[in-house]
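Engineer: Got a sequence here, can you build the structure:
(one chain, ligands or ions: 1)
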Amino acid sequence: MAERITGYTELIGLMATPIRHSLSPTMHNEAFAKLGLDYAYLAFEVGNEELKDAVQAIRALKLRGSNVSMPNKKLVCEYLDKLSPAAELVGAVNTVVNDNGVLTGHITDGTGFMRSLIEADVDVIGKKMTIAGAGGAATAICIQAALDGVKELAIFNRKDEFYENAVRTVSIINEKTDCKATLFDLDDTESLRTEIANSAIFVNGTGVGMKPLQDESVITDPTMLRPELVVADVVYIPRKTKLLELAEAQGCKAINGLGMMLWQGAAAFELWTGKEMPVEYIKELLF
Ligand code: NAD
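Structural biologist: Sure, this is the predicted structure:
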């Protein structure tokens, strides 16, 4: 790294808290080095209170851009000049691009997820998707799925503080896209069974399956899963969640959240550099 950095090197940031555990700095710096691109990527511990100044610093220091993660993904929209169509609909941003002082916000979580399905040879276009979740990850997936041409979406969430998000997501999808979205309570297991029976894919977009909920699954009844159903999980630690174990035991194709993680990063990398991330190389290096 020391040999690589000169007075010309352009900086890309990551603004979130907590952030020291993130794989993104390694992923992007290794990819820059591999392609011989003169950028460096650094993580900055930034919360809501510092965010406005941090975004101003992107302009003042002429950073090429930044990733943004929790708790800043929604708030950052207020400080940017433009939003991509998907970021506008999701109401959140994970990637900022600085074009000569004009800051545009993008959200690549949804495109990352959809790309991970393509890479796993799963085609959901024109089909029905059932998804559990209404937080950041699930909302980005729902909006992108609808924009990409998924025909129907059944969204399930428990009646917690995220339920209102799902109400908003469903109304945006029904108003602004050709996809038909419907919202259900996650406790309504009979509707969950029916919607999954009519779907090509079931997605867990909640944190269930990850610490401290690593022993739990949003689906516990294996008879809800048939072998032709694809089951995807946004969680990637552990690689095989309880849900994916159950799905594999039923003969379903099971996809974890690693692909989503990798491809959201690849999409951001391309927005900043105009180059494709060497994904196979990064996959081997990190996973
Ligand atoms: P969030 O806090 O915005 O949303 C949490 C969601 O989980 C809500 O829908 C909430 O209702 C639901 N939930 C929480 N506890 C639950 C429980 N006990 N039972 C049922 N539902 C419950 O979180 P997020 O940012 O959307 O992240 C969700 C998960 O997705 C996390 O595990 C995160 O690590 C993962 N994630 C993965 C990627 C990736 O690239 N693979 C990207 C973002 C997030």
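Engineer: Tyr41 is in contact with Ser24, isn't it?
Structural biologist: Yes - under the criterion of C-beta atoms under 8 Å, Tyr41 makes contact with Ser24 at 7.1 Å. In this view, the C-beta of every residue, glycine as well, is placed from N, C-alpha and C.
Engineer: any idea which helix or strand carries the nearest residue to Glu119 once chain neighbours are set aside?
Structural biologist: Distances taken as C-beta to C-beta, 6 or more residues apart in numbering place Gly259 nearest to Glu119, at 5.8 Å, with adjacent residues excluded. For Gly259, the host element (DSSP states H and E) is helix 258-273.
Engineer: try Glu49
Structural biologist: Assigning secondary structure by DSSP H and E places Glu49 in helix 48-60.
Engineer: Retrieve the pLDDT associated with the residue in the stretch 51-200 of the chain positioned nearest to the ligand.
Structural biologist: When scored by C-beta to the nearest ligand atom, the stretch 51-200 of the chain has Gly135 as its residue closest to the ligand, at 1.9 Å. Gly135 carries a pLDDT value of 95.
Engineer: Look at it and say how many residues are nearby.
Structural biologist: Gly135: 18 surrounding residues under other C-beta atoms under 10 Å.
Engineer: was I right about it contacting Tyr163?
Structural biologist: No - using C-beta under 8 Å as the test, Gly135 is too far from Tyr163 to be in contact (10.8 Å).
Engineer: Okay, buried residues for stretch 97-107 please.
Structural biologist: For stretch 97-107, the neighbour count (16 or more other C-beta atoms under 10 Å) marks Val97, Asn98, Leu103, Thr104, Gly105, His106, Ile107 as buried.
Engineer: Phi first, then psi, for the third one.
Structural biologist: Backbone torsions of Leu103, given as degrees, to the nearest 10, read phi -100, psi 120.
Engineer: Val93 is in contact with that one, correct?
Structural biologist: No - using C-beta under 8 Å, Leu103 is not in contact with Val93, being 9.7 Å away.
Engineer: residues from the stretch 1-150 of the chain in reach of the ligand?
Structural biologist: Within the stretch 1-150 of the chain, the positions adjacent to the ligand are Asp109, Gly133, Ala134, Gly135, Gly136, Ala137, Ala138 by C-beta under 6 Å from any ligand atom.
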